[in-house]
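Next input, structure requested:
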Amino acid sequence: MKNAQRKAPAPAARSSSVEAAAGICLSVDVEEWFHVPGHPFAAPGMDWSLFPSTVDEGVERALQLMDALSVSATFFVLGEAARRYPGIPRRIVSCGHELASHGLSHRPMDELEDREAAVEAGESRKLLEDSAGVAVKGFRAPCWRVGSRQAFYATLEAAGYEYSSSLLWRKPAAVQAGIRGKRVVEIPALRFHPPFPPVPAGGTVALRTLPLWLLRLARDTALTAGRPAVYWFHPWELVPEGPRANKGPLFNWARFHGLDKLAPVLKSLVPRGDRTLRSLWALSSEGAAAQAPP
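Residues are numbered from 1 along each chain as shown. The predicted structure follows:
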């Protein structure tokens, strides 16, 4: 990684808009280009060093993009990526961003036994904290798959996490009702709401393929309803010349179409300032505490 130091982006001024009430967040899932469900390179126990990597270069380009956008973001980093590139967590933190966990090996949580899930959550957090010297509060499940919500949040709580951003399809109201009163708070990713189908609206395929007016509509609808607008992308999306995981025409189109559109679309959707999930979690925690009975 390059050694030049960057200045942390200045916090955005607080306003009375729906943006301040609900929050727009930007996140980066730090994983390899081959972390696709069913891809043989991502099989359990596979030696990543056998394959070309885009993580180091992709994270550097993601940090450059954050500079260009003048935002602080949350980086959900795979433990194995941090183990292979130990400078990445420190680099992220030194540039003023939040460090969070994306698990250890990118195995979906719904495929793991309870003991394996505890290892994925606990060891990844410890590895990141030891590497960067900061507390890691957030977790994002690989592939957005959590299995039993009760078991998933219990695993995160036991591992010391305080928030999750792991749900992509479920209704936010149902999510909040399901975990209210527990320590781990869920901050769901942005998705479309009626009259549109309930599909993801905040990352990867949507950001690179849908018209900007529709993406803005999804964002503003969520904010007006008091829901956060959580965006996400991957470092490999910023390395278009890198290796590609090919799985057929439709998959290839969805995964690689419009890579050059990602940066300008994010610039149009994400305002400057602190756009970490940590900041939204802090506001949520303060609000819950203020409403709690004495």
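
Remind me what the longest strand along the chain packs against, helices and strands.
In the chain, taking DSSP state E as the definition, the longest strand is strand 24-30. Applying 3 or more C-beta pairs under 8 Å, 6 or more residues apart in numbering; DSSP states H and E, we find strand 24-30 packed against helix 55-69, strand 74-77, strand 229-233, helix 277-291. In this view, the C-beta of every residue, glycine as well, is placed from N, C-alpha and C.

Direction included, what does that strand pair up with?
In the sheet, strand 24-30 lines up against strand 74-77 (parallel), strand 229-233 (parallel) (DSSP bridges).

Beyond the shortest one, next helix or strand please.
Downstream of strand 74-77, the first helix or strand assigned by DSSP states H and E is helix 79-84.

tell me which residues in that next one are buried?
Buried residues in helix 79-84, counted by 16 or more other C-beta atoms under 10 Å: 79-83.

So which residues of the stretch 101-250 of the chain form strands?
Using DSSP state E, counting those that start in this stretch, the strands of the stretch 101-250 of the chain run over 138-139, 163-164, 185-186, 229-233.

circling back to that earlier point, can you say which of the strands paired with strand 24-30 is packed in most?
Scoring the strands paired with strand 24-30 by mean neighbour count under mean count of other C-beta atoms under 10 Å gives strand 74-77 as the most buried, with a mean of 29.

could I get that one in CSV with only the CA atoms?
What follows is strand 74-77, C-alpha atoms only, in CSV (Å, rounded to 0.1, in the frame of the first residue of the first chain):
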residue,chain,number,x,y,z
THR,A,74,-17.2,2.1,6.8
PHE,A,75,-14.9,-0.6,5.5
PHE,A,76,-16.2,-4.1,6.2
VAL,A,77,-12.9,-6.1,6.0
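
Give me the contacts around the helix or strand encompassing Ala263.
For Ala263, the host element (DSSP H and E) is helix 262-269. For helix 262-269, the surrounding residues in contact (C-beta atoms under 8 Å, 6 or more residues apart in numbering) are 24, 26, 65, 68-69, 207-208, 212, 215-216, 219, 229, 231, 233, 237-238.

Give me the buried subset of those.
24, 26, 65, 69, 207-208, 215, 219, 229, 231, 233, 237-238.

Please produce CSV containing these, extended by distance to Val199 and pLDDT.
As requested, the buried ones among the contacts of helix 262-269 are exported to CSV (distance: C-beta to C-beta, whole Å; pLDDT from 0 to 100):
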residue, distance to Val199, pLDDT
Ile24, 19, 94
Leu26, 20, 97
Leu65, 25, 97
Leu69, 25, 96
Leu207, 13, 94
Arg208, 14, 93
Leu215, 12, 95
Arg219, 14, 93
Ala229, 15, 93
Tyr231, 15, 97
Phe233, 17, 96
Glu237, 19, 92
Leu238, 24, 94
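
quick check, nearest of those residues to Ser94?
Leu65 (16.4 Å; C-beta to C-beta).

if I pick that closest one, what's in contact with it?
Per C-beta under 8 Å, 6+ apart, neighbours of Leu65: 238, 263, 266.

Tell me how far it lies from Val59.
10 Å (C-beta to C-beta, to the nearest Å).

Which parts of the stretch 1-150 of the chain are helices?
With helices called from DSSP state H, counting those that start in this stretch, the stretch 1-150 of the chain shows them at 18-22, 55-69, 79-84, 87-94, 114-132, 149-159.

And those: which comes nearest Phe34?
Each of those has some distance to Phe34 by C-beta to C-beta; the shortest is helix 55-69, at 10.8 Å.
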